[in-house]
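In: predicted coordinates and the sequence they were generated for:
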Amino acid sequence: MRLPDPALVVLVGASGSGKSTWAGARFRAPEIVSSDALRGIAGSGPHDLDASEDAFGLLETIVAARLGRGLTTVVDTLGTDTVRRRGWLAAARSAGLPAVVVVMETPDAECRRRNATRDRPVPAPVLASQLATVRTLRPDLEGEGWDVVVAVTDAAAALPDPVAEPVTRSGRRPAPDRVGSHGVRVVLQVSRFPWGEDPLAWLGEVTRAADGAGFAGVALMDHLIQIPTVGRAWEPIPEPWVTLGALAALDTELELGTLCTPVTFRPAGITAKAAATLSALTGGRCFVGIGAGWWEREHAAFGLPFPPDRDRLDELERAILTLRALWAAGTKAYDDGEVVLPETTCYPRPAASIPVIVGGSGERRTLRIAARLGDACNLRTTDTEQLRHKVAVLRDHCAAVGRDPADVAVTVLDLPVVGRDRDDVWARVERHRGRTPAAAYAARTRAGTLADHRARYAELAELGVSTVFMATPDLDGPDAVADLAGLTA
Ligand code: GDP
Ligand code: MG
């Protein structure tokens, strides 16, 4: 079962019912606020009942601080104090976090047995009263206002919940068409190039690793200066069509292309030529992501005009028509009223049809252009509600322009933080978040384990997404790519 995250998680259960074990198997140590542990910090040890008041004072402070930052907080106490429990629920509400209560329903006899084997067992009458309290509490919880009430009935069975999904470098390969069992193809977008002294070797190793890890393709950004959300302006960002030519020389099965080429950088005919050449060199493994461009600074720096939105979007339409005209069979003249070419002599011819992926989410024009002229539309969101909405708008445009929606694939750009386990995920969040609050950064990057992202990809597939272009901030070299193999299978 998947719990909301971030969330408040309040445990309820008698001593020995397995609360701490359950929490420890699922959450990072700093996320668990335990009255026993705090008794050991404010007092002489977990059983120092004289330190209870201090321990609970600390506990309330920590819970409030974490919830206020939007961080997952697991409250590990008996959970039977109704006033405290409702207080935590209210604090989660005002922090805007979902609230989960987890009731341990371990059989009484099992609790007694475990209690008896402990260093300092709880006295038998105390345990009996805890067990009775938890039993009578159960029906109250349903009406208390929790978003999720979880009953852990068979703790032993629930224990080996996979915290991390083991990944082998070569073992996991998706189907030949490279659709994972979650239902999407995953293309690696390489956006950072920490290639050290040997750029070509680095590119080769990363690309081979992507092939080995089962990615469906490699996409390169098309920017003249590294964009601020990815890196610093003085970090390398290579010209993609030149770079894709180098990747074409590797013996892989990857599709290769840009995400996205701005129409403002090159005349459309030159992009048509580059893509047709790449298709010829790779036996048809080429795609073109294309967009209207958005970053004025890189245009100015490289002496390129940056016309107003409306003109760039007009150009986007003309560019796609030009690509298609030049890639079409024959050399005949082309005139569709918008684009006029006296001949369409473009050799080498593409070795297979080249998918055109229209980048951008502008509802009025970009999505309409994608509906009219694209093979796919790349959306920059993986949020369920936003995605549902954008896909509906795209479908409406398809209906308006008389295009079969099945002919316009939905792809998304996904920028996740991916970790081996919860601890690793949070170490990465801390490393990359800069000054963004951790909870906000984790939410934006969907920070999670491979298993979390696989579950998310299955949801994206249900929403109609066919391909996920994924770029992670941790892509330092081939090992980091190999570690992502679990995402593609
Ligand atoms: P708490 O008092 O509710 O926090 O319970 P603990 O998590 O400390 O567990 C009490 C004892 O039961 C410990 O010795 C655990 O190792 C053991 N235990 C907890 N959960 C399980 C479980 O799911 N299966 C088994 N076999 N033992 C468990
Ligand atoms: Mg405990």
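Out: On my side now, so go ahead. Numbering: from 1, shown residues only. Ligands and ions are numbered 1, 2, ... in the order given.
In: does Val417 touch Arg428 like I think?
Out: Yes - assessed by Cβ atoms under 8 Å, Val417 is found in contact with Arg428 at 5.0 Å. Every residue, glycine included, has its C-beta placed from N, CA and C.
In: between the two, which contacts overlap?
Out: In terms of Cβ atoms under 8 Å, 6 or more residues apart in numbering, Val417 and Arg428 are both contacted by the residues Ala447, Pro473, Asp474.
In: neighbour-wise, which of these leads?
Out: Counting neighbours by other Cβ atoms under 10 Å, Ala447 leads these with 25 neighbours.
In: so that residue touches Val425, yeah?
Out: Yes - proximity of Ala447 to Val425 meets the contact threshold set by Cβ under 8 Å, at 5.1 Å.
In: before we move on, the earlier item: need the shared contacts of Val417 and Arg428 in JSON lines (columns: pLDDT, secondary structure and distance to Val148).
Out: Output for the shared contacts of Val417 and Arg428, formatted as JSON lines (pLDDT from 0 to 100; DSSP: H, G, I helix; E, B strand; the rest coil; distance: Cβ to Cβ, whole Å):
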{"residue": "Ala447", "pLDDT": "96", "secondary structure": "coil", "distance to Val148": "20"}
{"residue": "Pro473", "pLDDT": "92", "secondary structure": "coil", "distance to Val148": "31"}
{"residue": "Asp474", "pLDDT": "92", "secondary structure": "coil", "distance to Val148": "31"}
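In: ligand 1: which of the residues you listed is nearest?
Out: Ala447 (26.4 Å; Cβ to the nearest ligand atom).
In: in the protein, which residue is closest to the centre?
Out: In the chain, the centroid-proximal residue (Cα atoms, centre = their mean) is Pro416; its distance is 3.6 Å.
In: got phi/psi on that residue?
Out: Recorded main-chain torsions at Pro416 are phi -90, psi 150, according to degrees, to the nearest 10.
In: what's the answer for Val190, then?
Out: Dihedral angles for Val190 - degrees, to the nearest 10 - are phi -90, psi 120.
In: what does Thr261 give?
Out: phi -80, psi 120.
In: compare neighbour counts for Val417 and Arg428 and give me the winner.
Out: Val417 (24 against 21).
In: quick one: that one from ligand 1, how far?
Out: Noted for Val417: a distance of 29 Å to ligand 1, by Cβ to the nearest ligand atom, to the nearest Å.
In: what's the helix or strand for Trp241?
Out: Here Trp241, judged by DSSP states H and E, is contained in helix 240-248.
In: what kind of secondary structure is Val412 in?
Out: Of the three states, Val412 takes strand according to DSSP: H, G, I helix; E, B strand; the rest coil.
In: now swap in Arg435 and tell me
Out: Strictly by three-state DSSP, Arg435 counts as coil.
In: and the residue nearest to Ala219 when sequence neighbours are not counted, helix, strand or coil?
Out: Leaving aside its chain neighbours, Ala219 sits nearest to Leu259 (4.0 Å; criterion: Cβ to Cβ, 6 or more residues apart in numbering). Assigned by three-state DSSP, the conformation of Leu259 is strand.
In: I'd say Leu259 and Asn378 touch.
Out: Yes - with contacts counted by Cβ under 8 Å, Leu259 reaches Asn378, the gap being 6.6 Å.
In: overlap of the contact sets of those two?
Out: Shared contacts of Leu259 and Asn378, defined by Cβ under 8 Å, 6+ apart, comprise Gly289, Ile357, Gly359, Leu413, Phe469.
In: can you flag which of those residues belong to strands?
Out: If you go by DSSP state E, the shared contacts of Leu259 and Asn378 have Gly289, Ile357, Gly359, Leu413, Phe469 in strands.
In: ok, residues contacting stretch 345-352?
Out: 272-273, 275-277, 279-280, 282-286, 326-327, 329, 331.
In: ok, now with 6 Å
Out: Ala276, Ser279, Ala280, Gly283, Gly284, Leu326, Trp327, Thr331 (Cβ atoms under 6 Å, 6 or more residues apart in numbering).
In: count of neighbours near the last one?
Out: The criterion is other Cβ under 10 Å. On that basis, Thr331 has 12 neighbouring residues.
In: excluding chain neighbours, what is closest to it?
Out: Using Cβ to Cβ, 6+ apart and skipping the chain neighbours, the partner closest in space to Thr331 is Thr345 (4.3 Å).
In: over to the fourth one?
Out: Here the nearest residue to Gly283 in space, its sequence neighbours aside, is Ala351; by Cβ to Cβ, 6+ apart that works out to 5.3 Å.
In: the one you found: which element?
Out: Applying DSSP H and E, one finds Ala351 in no helix or strand.
In: for it, report the pLDDT, please.
Out: At Ala351, the model reports a pLDDT of 94.
In: and for Thr168?
Out: The model's pLDDT for Thr168 equals 32.
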